[in-house]
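*Asks:* Pasted the sequence and its predicted model underneath.
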Amino acid sequence: MRNFNILSLLLLAVLWTGLLLGISFLATPVKFLAPSLSLPVALDVGRQTFMVFNWVEVVLALLLVVLTVGTARRWLQATVVIIALIVAMQTIWLLPVLDVRVQVILDGSTPPSSSLHMIYIVADALKLTLLGILAWRICHLINQSLTIK
């Protein structure tokens, strides 16, 4: 694998990890602690935030896939494919269904109980874990490359 590709993969994995931590695991939960922010407003802001962030994640996933095409490192391809599949699942299924639930609340009703938010959180946690493993393994790969030379 060319040095540019491996360094690009590392940069994307670390960037995505930071974005995911900042948006999904810091800004979103903290938003609900603000006493002046009503639940409907917080949900609407969250819906808009995750819609934009999802498209950023789609682009990042596509870049990771493109950078791993043709590599002989199956662990790298497998990790990237799993991350891309998680993003696809969130894009195609979870976010649209969660958007409907938010709209029900914004319309003044209460949606039935659901585990969809927990599924989304677990998917993000899995994605975060895989991105961390990807970055760590790439660093190890770079270190091996530098040691051999």
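*Replies:* Yep, it's here. Numbering: from 1, shown residues only.

*Asks:* Please make it C-alpha for all contacts and neighbour counts, starting now.
*Replies:* Fine.

*Asks:* For the closest residue to residue 83 other than its chain neighbours, pull up the helix or strand it's in.
*Replies:* Computed as Cα to Cα, 6 or more residues apart in numbering, the closest residue to residue 83 that is not its neighbour in sequence is residue 127, at 5.8 Å. Element membership for residue 127, per DSSP states H and E: helix 116-148.

*Asks:* can you pull the buried residues of that helix?
*Replies:* For helix 116-148, burial by neighbour count (16 or more other Cα atoms under 10 Å) applies to 120, 123-125, 127-128, 130-132, 134-135, 138.

*Asks:* related to what we said a few turns ago, state the distance from the residue nearest to residue 83 to residue 55.
*Replies:* Distance, residue 127 to residue 55, by Cα to Cα, to the nearest Å: 15 Å.

*Asks:* And residue 131, by the same measure?
*Replies:* To residue 55, residue 131 is 17 Å away according to Cα to Cα.

*Asks:* What of residue 23?
*Replies:* Using Cα to Cα, we find residue 23 at a distance of 13 Å from residue 55.

*Asks:* Tell me which other helices or strands the helix holding residue 127 touches.
*Replies:* Judged by 3 or more Cα pairs under 8 Å, 6 or more residues apart in numbering; DSSP states H and E, helix 116-148 is in contact with helix 3-22, helix 74-89.

*Asks:* following the first one, which helix or strand shows up next?
*Replies:* When you say that, I think you mean helix 3-22. Helix 3-22 is succeeded, C-terminally, by helix 28-31 (DSSP H and E).

*Asks:* for the helix or strand following that next one, what is the average pLDDT?
*Replies:* Following helix 28-31 in sequence order, the next helix or strand is helix 39-68 (DSSP H and E). In this model, helix 39-68 has a mean pLDDT of 96.

*Asks:* hmm, back to that, make a markdown table from the helices and strands packed on helix 116-148 and add mean pLDDT to it.
*Replies:* Formatted as a markdown table, the helices and strands packed on helix 116-148 follow (pLDDT from 0 to 100):
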| stretch | mean pLDDT |
| --- | --- |
| helix 3-22 | 94 |
| helix 74-89 | 96 |
